[in-house]
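In: Here is the input, now give the coordinates:
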Amino acid sequence: MNFSDKIIWITGASSGIGKALALELSNQNAKIILSSRKIEDLELVKSACKDPLKVKIIVLDLEDYNNLQPKVDEALAAFGEIDILVNNGGVSQRSFVKDTQIEVDKRIMDINYLGTVALSKAVLPYFIKNKTGHFVVTTSIVGKIGTPLRSSYAASKHALHGFFDSLRAEHHQDNIAVTLVCPGFVNTNISKNALTGNGTPQQKMDAATANGIDPKHFAKLMAKAIENKKEEVYIAGAKEKLGVYAKRFYPKFFSTMIRKLSVT
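Out: Coordinates of the predicted model:
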């Protein structure tokens, strides 16, 4: 792979997929900008990178989506340019529709959708001016299918697909690429941090998540998809991928199948 000296900005970089991807790209000699809300965790990721001198930290909160332009200015000043923006930051959900307060629905959309869109819109003029750029978006298999306990999470990820498919079409002539990465179950803390109906974190690991893909392996596959500028890629187990294709080709069968899923 050829990421040598590419300048890659990763949100949600303090743990999970974002951290694993940062370490993978650092091993491939990329220059990395790490972002999340957690400065202490970002410092640990930076120190674990192959060359910490080629890593910068910018603390940001995607929920504060009206104030992201200064963060873009800071990112551009870090290494002088941005080649790839990896929109990886977000929050998941574990609650039934009937039990989820509307404030929680809004918060999930603010972080996952509006935060990602606002940051990308702030970077977009720079990509247009340079006639090159690459948006990478970590969505989810539930960005293609809806499953129990993830109504607003699924909605936010579906929305990202719609937005970035449109952006890709509008800016093809500007040589701007979009890669939508759809993870299945990955062994991270996403389920522990997932919001419940009243907005508090679940604080426990789902069994399916615990048995998910190792983040290091996931990051290698994600890096390959980024390098090849794949438009959309499913990095998931066989069952999750089956769900995507069943929804597309056999929607009635899929609806029956999804109702039988465990909701724990």
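In: Helices along the stretch 1-150 of the chain, start to end?
Out: Counting by DSSP state H, counting those that start in this stretch, the stretch 1-150 of the chain has helices at residues 16-27, 39-48, 69-79, 102-108, 116-130.
In: Tell me which of these lies nearest to A219.
Out: A219 lies closest to helix 16-27 among those, at 3.8 Å (CB to CB). Just so you know, the C-beta spots here come from the backbone N, C-alpha and C atoms, and that holds for glycine as well.
In: which other residues reach that closest one?
Out: With CB atoms under 8 Å, 6 or more residues apart in numbering as the test, helix 16-27 has contacts from 3, 6, 8, 10-13, 32, 34, 36, 45, 48-51, 54-55, 86, 88-89, 138, 183, 186, 188-190, 215-216, 218-220, 222-223.
In: For the stretch 151-264 of the chain, which segments count as strands?
Out: 176-183, 232-235 (DSSP state E, counting those that start in this stretch).
In: of the contacts of helix 16-27, buried ones?
Out: In the contacts of helix 16-27, burial by neighbour count holds for 3, 6, 8, 10-13, 32, 34, 36, 45, 49, 54-55, 86, 88-89, 138, 183, 186, 188, 190, 215, 218-220, 222-223, counting by 16 or more other CB atoms under 10 Å.
In: What's the local residue count around the closest residue to E240 other than its chain neighbours?
Out: Closest residue to E240 apart from its sequence neighbours, by CB to CB, 6 or more residues apart in numbering: G184 at 3.5 Å. Residues lying near G184 (other CB atoms under 10 Å) number 22.
In: do Y245 as well
Out: Y245 has 13 neighbours, counted by other CB under 10 Å.
In: try K204
Out: For K204, using other CB under 10 Å, the count is 12.
In: need the contact list for the closest residue to it other than its chain neighbours.
Out: Closest residue to K204 apart from its sequence neighbours, by CB to CB, 6+ apart: K192 at 6.3 Å. Residues in contact with K192 (CB under 8 Å, 6+ apart) are 201-205.
In: Just among these, which is most surrounded?
Out: Neighbour max across those (other CB under 10 Å) = Q202, 18 neighbours.
In: Pull up the gap between that one and L119, please.
Out: From Q202 across to L119, the span is 26 Å (CB to CB, to the nearest Å).
In: go on, G199?
Out: Going from G199 to L119 by CB to CB gives 23 Å.
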